[in-house]
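*Asks:* Would you be able to build a 3D model of this:
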Amino acid sequence: MNTYDIIVNNEVVETLEQQGRSNGAMSYIIMDRVYQLTAATKAFVEVFNRSTGAVYRV
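*Replies:* Now for the predicted structure:
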């Protein structure tokens, strides 16, 4: 199971677990949260995948 941390200003603001959802469903959930946080904070948002260690900066 993948777990994703959403990070704004070097602070984890939300943690999302895949919990049986498909990868496609998770990508839409993550994109929605990143869009909302980017619009609200006007800052870069990073998504960290705990399983792979990959960091995606938006």
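
*Asks:* Find the nearest non-adjacent residue to the residue of the chain most remote from its centre, please.
*Replies:* Within the chain, the residue lying farthest from the chain centre (C-alpha atoms, centre = their mean) is G20, at 16.6 Å. Excluding the flanking residues, the one nearest G20 by C-beta to C-beta, 6 or more residues apart in numbering is M1, at 7.8 Å. C-beta: built from backbone N, CA, C; applies to glycine.

*Asks:* show me what contacts the one you found?
*Replies:* 17-20, 51 (C-beta atoms under 8 Å, 6 or more residues apart in numbering).

*Asks:* what about 7 Å?
*Replies:* Listed by C-beta atoms under 7 Å, 6 or more residues apart in numbering, the contact set of M1 reads 17-19.

*Asks:* So which of those are in strands?
*Replies:* E17 (DSSP state E).

*Asks:* May I ask which of the contacts of M1 has the most neighbours?
*Replies:* Q18 (15 neighbours; other C-beta atoms under 10 Å).

*Asks:* How confident was the prediction at that one?
*Replies:* What the model reports as pLDDT for Q18 is 95.

*Asks:* Contact partners for it?
*Replies:* Q18 touches 1-2, 26, counting by C-beta under 7 Å, 6+ apart.

*Asks:* how about the CA coordinates for the helix or strand hosting E14, as CSV?
*Replies:* Assessed by DSSP states H and E, E14 sits inside strand 11-17. Presented in CSV, the C-alpha positions along strand 11-17 are these (Å, rounded to 0.1, in the frame of the first residue of the first chain):
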residue,chain,number,x,y,z
GLU,A,11,5.7,20.9,6.5
VAL,A,12,3.5,17.8,6.0
VAL,A,13,0.0,19.1,5.7
GLU,A,14,-1.8,15.9,4.7
THR,A,15,-1.0,12.2,4.5
LEU,A,16,-3.0,10.0,2.1
GLU,A,17,-3.0,6.2,2.1
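
*Asks:* what number of residues lie near Y28?
*Replies:* Quick note: Y28 (other C-beta under 10 Å) scores 11 neighbours.

*Asks:* In three-state terms, label it for me.
*Replies:* Of the three states, Y28 takes helix under DSSP: H, G, I helix; E, B strand; the rest coil.

*Asks:* how much space between it and T52?
*Replies:* Y28 is 19 Å from T52, where distance means C-beta to C-beta, to the nearest Å.
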